[in-house]
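Undergrad: quick one, fold the following:
(one chain, ligands or ions: 1)
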Amino acid sequence: MDFQDYFSDLTRQPGSNALAELFKLTERPDIISFAGGFPAPEMFLPGEAAEVARQLFEEESTTVLGYSPTPGFSALRDYLAERQSHLGMPADAEELLVTSGSLQGLDILGRVFLNRGDRIIVEAPTYLGALSTFASYDIRLDSVPVDSEGLNTAKLEELLNELQRQESLPKLLYTVPTFQNPSGQTMSYRRRQELLDLAVRYGFLIIEDNAYGELRFTGEEIPTLKALDTGKRVIYLGTFSKVLSPGIRIGWIHAPAKIIERAVLVRQAMDQCSNSLGQLLALEFGRRGLIEKQIKKTVNLLAERARLTIDLIASHFPTGTTWTNPEGGFYTWVTLPPGIDTAQLLSHAIENARVAYVAGAAFYAGEGGSNQLRICYSQPSLDDISRGIPRLAKALTTTF
Ligand SMILES: Cc1ncc(COP(=O)(O)O)c(C=O)c1O
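TA: I've put the predicted structure just below:
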């Protein structure tokens, strides 16, 4: 029985399996993977985690093994409120909802705001997980290009004018303004102000996904959109996945309390609450200063890995290739000369050169990206980067 008559339209969409297949392949130890956006495993603090977990089980076993309140443990919400405030985004606990990772936060917001046929704007390129989440709603997506200053606000304004003429303005705009996944680009201060102005003028809300914002290794700090938002138009998604551990699955939504109330209702019908152990681990790590310690270590490691990756791309990739120079985060975004199709070359790169990446087209809501690819330099060691980037360059330019 192949269950075809039972599956939903959503799971019938072509290509929805491709990435899962790729990720399976990249688990092979003989492959150097620049594909998954994973933190460097050396950054985890297993000894500290074991110690904290042991104490939690000894001293608070009923809490650890029980359900938690849907919005999250109040001690964690208080801690997060303080942390957000410290990062320039004053928050009260009732403006925070603890989620099972920030991707769940996005899904919750989708359910809070989106009706069939609603319109939302995303960046081109944008985070693949967000595109998958939005694909589960029957909505219309429009894209605005990202350049070296982040989301192009002039192009956004043109689009908004056009949509206004059609009486079809968007409800939401989703952006990863800092060390964007996949491009590594950061939205300039000027563009942030312009985007906030446009949100007020055209009446949409902004979802700011800041998964990488604390991982700056060079350049000047820029305030988050949430920090600059005077009109209460920004809904912020935070996560501990890239700075502590993706396995504990702890993220949060920071939004006006009225939005959080709705989000809590929606959340009750999903998984009810985040896992208690993950919440308490994050809280204890935070209280002991271990998150900050891990961020410092991670930033140094990312700086080294990014530098080496980019130097090697510069010396090995074909003439006419361009790439981004991220000031933080996990990714550089490579544009090859026209005619090189990165999706077509992927299986060749994996099978013959034993390197993996994510082909650019996956990051676009519409057309685009056929000669682009995302390289994640966070996970492979310096040694793997030294061997992997030249092999990747060769795979992209030679047929075996
Ligand atoms: C921009 C962005 N948002 C959200 C996530 C998902 O993070 P989480 O593990 O918190 O769901 C990722 C992970 O790759 C990401 O790159």
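Undergrad: residue ranges of the strands in this structure, please?
TA: 32-33, 96-99, 119-124, 140-147, 150-151, 172-175, 205-209, 234-239, 251-254, 322-323, 331-335, 355-356, 358-359, 372-376 (DSSP state E).
Undergrad: now those strands as a markdown table including mean pLDDT and distance to residue 384?
TA: No exception for glycine: its C-beta is placed from N, CA and C like everyone else's. Formatted as a markdown table, the strands of the chain follow (pLDDT from 0 to 100; distance: least, C-beta to C-beta, whole Å):
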| stretch | mean pLDDT | distance to residue 384 |
| --- | --- | --- |
| strand 32-33 | 94 | 5 |
| strand 96-99 | 98 | 32 |
| strand 119-124 | 98 | 29 |
| strand 140-147 | 97 | 28 |
| strand 150-151 | 98 | 30 |
| strand 172-175 | 98 | 31 |
| strand 205-209 | 98 | 28 |
| strand 234-239 | 98 | 25 |
| strand 251-254 | 98 | 28 |
| strand 322-323 | 98 | 18 |
| strand 331-335 | 98 | 15 |
| strand 355-356 | 94 | 9 |
| strand 358-359 | 94 | 17 |
| strand 372-376 | 97 | 12 |
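Undergrad: who wins for proximity to the ligand among those strands?
TA: strand 234-239 (3.3 Å; C-beta to the nearest ligand atom).
Undergrad: right, and residue 152 touches residue 146 too?
TA: Yes. Using C-beta atoms under 8 Å, residue 152 is in contact with residue 146, at 7.0 Å.
Undergrad: between those two, which is the more surrounded one?
TA: residue 146 (27 against 20; other C-beta atoms under 10 Å).
Undergrad: from what I can see the more buried one touches residue 122, true?
TA: No. Using C-beta under 8 Å as the test, residue 146 is too far from residue 122 to be in contact (10.1 Å).
Undergrad: got JSON lines for the strands of the chain, with distance to residue 47 too?
TA: Below are those laid out as JSON lines (distance: least, C-beta to C-beta, whole Å):
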{"stretch": "strand 32-33", "distance to residue 47": "26"}
{"stretch": "strand 96-99", "distance to residue 47": "25"}
{"stretch": "strand 119-124", "distance to residue 47": "39"}
{"stretch": "strand 140-147", "distance to residue 47": "40"}
{"stretch": "strand 150-151", "distance to residue 47": "39"}
{"stretch": "strand 172-175", "distance to residue 47": "37"}
{"stretch": "strand 205-209", "distance to residue 47": "31"}
{"stretch": "strand 234-239", "distance to residue 47": "23"}
{"stretch": "strand 251-254", "distance to residue 47": "25"}
{"stretch": "strand 322-323", "distance to residue 47": "37"}
{"stretch": "strand 331-335", "distance to residue 47": "29"}
{"stretch": "strand 355-356", "distance to residue 47": "31"}
{"stretch": "strand 358-359", "distance to residue 47": "33"}
{"stretch": "strand 372-376", "distance to residue 47": "26"}
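Undergrad: which residue is the nearest non-sequential neighbour of residue 273?
TA: Of all residues not flanking residue 273 in the chain, residue 68 sits nearest, at 4.6 Å (C-beta to C-beta, 6 or more residues apart in numbering).
Undergrad: my bad, should have said residue 299
TA: Per C-beta to C-beta, 6+ apart, closest to residue 299 is residue 217, 5.0 Å.
Undergrad: before we move on, back to that, and the residue nearest to residue 273, how many neighbours?
TA: Using other C-beta under 10 Å, residue 68 has 21 neighbouring residues.
Undergrad: which residues touch it?
TA: Taking C-beta atoms under 8 Å, 6 or more residues apart in numbering, we find residue 68 in contact with 98, 273, 274, 275, 276, 279.
Undergrad: check contacts around the fourth one.
TA: With C-beta under 8 Å, 6+ apart as the criterion, the residues that contact residue 275 are 68, 100, 248, 249.
Undergrad: where does pLDDT dip in this structure?
TA: Filtered on pLDDT under 70, the chain yields the residue ranges 13-23, 25-26, 399-400.
Undergrad: got the residues of it near the ligand?
TA: Applying C-beta under 6 Å from any ligand atom, we find that the chain lies next to the ligand at 37, 101-103, 127, 129, 176, 181, 209, 211, 239, 241, 246, 251.
Undergrad: give me every residue that touches the residue in the chain that the ligand sits nearest to.
TA: Here the chain gets closest to the ligand at one residue, residue 101, 2.7 Å apart by C-beta to the nearest ligand atom. Contact partners of residue 101, counting by C-beta under 8 Å, 6+ apart, are 239, 241, 246, 249, 250, 251.
Undergrad: again, 10 Å this time
TA: Contacts for residue 101 (C-beta atoms under 10 Å, 6 or more residues apart in numbering) come out as 107, 129, 211, 237, 239-241, 246, 248-252, 274, 278.
Undergrad: which one of those residues sits closest to residue 354?
TA: Nearest to residue 354 out of the contacts of residue 101 is residue 246 (C-beta to C-beta; 24.7 Å).
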